[in-house]
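Student: here are the coordinates; sequence isn't available:
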């Protein structure tokens, strides 16, 4: 039996290597070559003429160097509501922090929070708009909540007969698909759909999947239009011009996020309260001494895990950009941390919501290797990729 597992493990390892063969030949694309959906005003403005427009936006919603809200306001578009996701309209709030309603000082447009108790725009709020523009910079991980916000906005639009227009943006982790597929029992705001941890889709493609697979409540579908990105495919190397949230400050953190976010379901810190968020991990009771750091209170992390405690663990500061892109989704960090943790109760209940399955925790506790664990989700990945192909708008990485 062990011999059979070793053979299957070798196959899984080969599959993993082939999945990242693109990295050896992928050529960087200049930031100037990529034209995001929000910049295609020649398509957008005629659609908005004479309409009451709502916008799901934040600090990443830019046309070149200007906020999309200001750009459309200056063009005479009738903007009647802004809906702010997790981290708020300006992207400054801590993860999970309450975001209040407010008024934009420049345009006097009301800003409604759709994070926290009010994750879905109300009927009264929807009555203020004819069309909703959705323009948020996603990072391609199932537990990054902008795609959960997308779900609720589309659902509200379907229920109230409104159209959603996606202004598409590149997915910086759109060059691969990996991880266990969410099981229905672990559905939450950090995992709403049966997809792997890394889905490899843009927001526009993902919206089409939500509609096409009838994942909205009652199987309803919303009127949907995607304004595509020009000069983009799933092999494109794209540096995000604006940090998508306070604790993903750079591309290093964005590439490592799919792997290191699993630590949020453990006692460990992933650097919140430092300037290396999602670029290292550690705990005071870790026996691994690759790096040390002390989380402190700072903007975007006012009360971080392990506040003011000296932590030991591992850093990824020496990885090059190409190495980070090839890093993909790795279980090795969480496995190494589990093996070197000297405390008790490594996993908490949030871990299953993040992983989307009970099995992963059990596999790590049983001492399975990363290759052995990977083998168990390949069949589900193959099935997901078949579904995913139906909704792709851009050339794929395979």
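Tutor: Arrived safely, thanks for sending. None of these values were measured; they are calculated from a predicted model.

Student: how about low-confidence regions in the stretch 51-200 of the chain?
Tutor: For the stretch 51-200 of the chain, the stretches flagged by pLDDT under 70 are 87-100.

Student: could you pull out the strands in it for me?
Tutor: 52-57, 62-63, 66-67, 78-84, 102-103, 110-113, 131-135, 163-167, 178-181, 196-198 (DSSP state E, counting those that start in this stretch).

Student: let me have those strands in CSV, extended by mean neighbour count and distance to residue 276.
Tutor: From N, CA and C alone the C-beta is placed, and that goes for glycine too. Below are the strands of the stretch 51-200 of the chain laid out as CSV (neighbours: other CB atoms under 10 Å; distance: least, CB to CB, whole Å):
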stretch, mean neighbour count, distance to residue 276
strand 52-57, 24, 28
strand 62-63, 20, 26
strand 66-67, 16, 28
strand 78-84, 22, 27
strand 102-103, 13, 31
strand 110-113, 20, 29
strand 131-135, 25, 29
strand 163-167, 24, 31
strand 178-181, 23, 23
strand 196-198, 25, 22
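
Student: ok, the residue lying closest to residue 154 once chain neighbours are set aside - contacts?
Tutor: In space, not counting the residues next to it along the chain, residue 154 is nearest to residue 222; the distance is 4.5 Å by CB to CB, 6 or more residues apart in numbering. Contacts for residue 222 were tallied using CB atoms under 8 Å, 6 or more residues apart in numbering; they are 154-155, 157-158, 162-164, 211, 216.

Student: hang on, the earlier thing: can you say which of the strands of the stretch 51-200 of the chain is nearest to residue 261?
Tutor: Across the strands of the stretch 51-200 of the chain, residue 261 has its closest neighbour in strand 196-198 (8.4 Å, CB to CB).

Student: contacts for that closest one, please.
Tutor: Under the criterion CB under 8 Å, 6+ apart, residues 140-143, 173, 176-182, 258, 328-329, 355-356, 377, 380-381, 384 lie in contact with strand 196-198.

Student: how far off centre is it?
Tutor: How far strand 196-198 lies from its chain's middle: 10 Å, per CA atoms, centre = their mean, to the nearest Å.

Student: same question, stretch 315-326
Tutor: Distance of stretch 315-326 from its chain centroid, counting by CA atoms, centre = their mean, is 19 Å.

Student: for it, which residues meet the burial criterion?
Tutor: Within stretch 315-326, the residues that count as buried by 16 or more other CB atoms under 10 Å are 315-316, 319, 324-326.

Student: sitting in strands, which of these do you find?
Tutor: Using DSSP state E, residue 315 are the members of the buried residues of stretch 315-326 that sit in strands.

Student: switch the buried residues of stretch 315-326 over to TSV; also include distance to residue 243.
Tutor: As requested, these are exported to TSV (distance: CB to CB, whole Å):
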residue	distance to residue 243
315	20
316	18
319	19
324	16
325	18
326	23
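
Student: now render the buried residues of stretch 315-326 as TSV, adding distance to residue 124 and pLDDT.
Tutor: TSV is the format used below for the buried residues of stretch 315-326 (distance: CB to CB, whole Å; pLDDT from 0 to 100):
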residue	distance to residue 124	pLDDT
315	48	97
316	47	97
319	49	94
324	45	93
325	45	91
326	49	91
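
Student: quick check, residue 277 in contact with residue 264.
Tutor: No: the pair residue 277 / residue 264 is not scored as a contact, 11.7 Å apart, by CB atoms under 8 Å.

Student: anything in contact with each of those two?
Tutor: Here residue 277 and residue 264 share the contacting residues residue 270, scored by CB under 8 Å, 6+ apart.

Student: closest one to residue 131 out of the buried residues of stretch 315-326, please.
Tutor: Closest approach to residue 131 among the buried residues of stretch 315-326 (CB to CB): residue 325, at 36.2 Å.

Student: the closest one and residue 36: what is the separation?
Tutor: Residue 325 sits 20 Å away from residue 36, going by CB to CB, to the nearest Å.

Student: contacts only, for the closest residue to residue 136 other than its chain neighbours.
Tutor: Among residues not flanking residue 136 along the chain, residue 146 sits closest, at 4.6 Å (CB to CB, 6+ apart). Listed by CB under 8 Å, 6+ apart, the contact partners of residue 146 are 85-86, 136-138, 203, 244.

Student: export those residues to a markdown table and append columns for neighbour count and distance to residue 45.
Tutor: Shown next, in a markdown table, are those (neighbours: other CB atoms under 10 Å; distance: CB to CB, whole Å):
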| residue | neighbour count | distance to residue 45 |
| --- | --- | --- |
| 85 | 26 | 24 |
| 86 | 25 | 29 |
| 136 | 25 | 20 |
| 137 | 26 | 22 |
| 138 | 24 | 24 |
| 203 | 24 | 21 |
| 244 | 24 | 26 |
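
Student: which parts of the stretch 1-150 of the chain are helices?
Tutor: When secondary structure is read from DSSP state H, counting those that start in this stretch, the stretch 1-150 of the chain shows helices at 2-19, 41-48, 68-74, 123-126, 146-159.

Student: could I get the average pLDDT for the longest one?
Tutor: Per-residue pLDDT values over helix 2-19 give a mean of 43.

Student: just give the number of residues close to residue 241.
Tutor: Residue 241 has 12 neighbours, counted by other CB atoms under 10 Å.

Student: cool, thanks, signing off.
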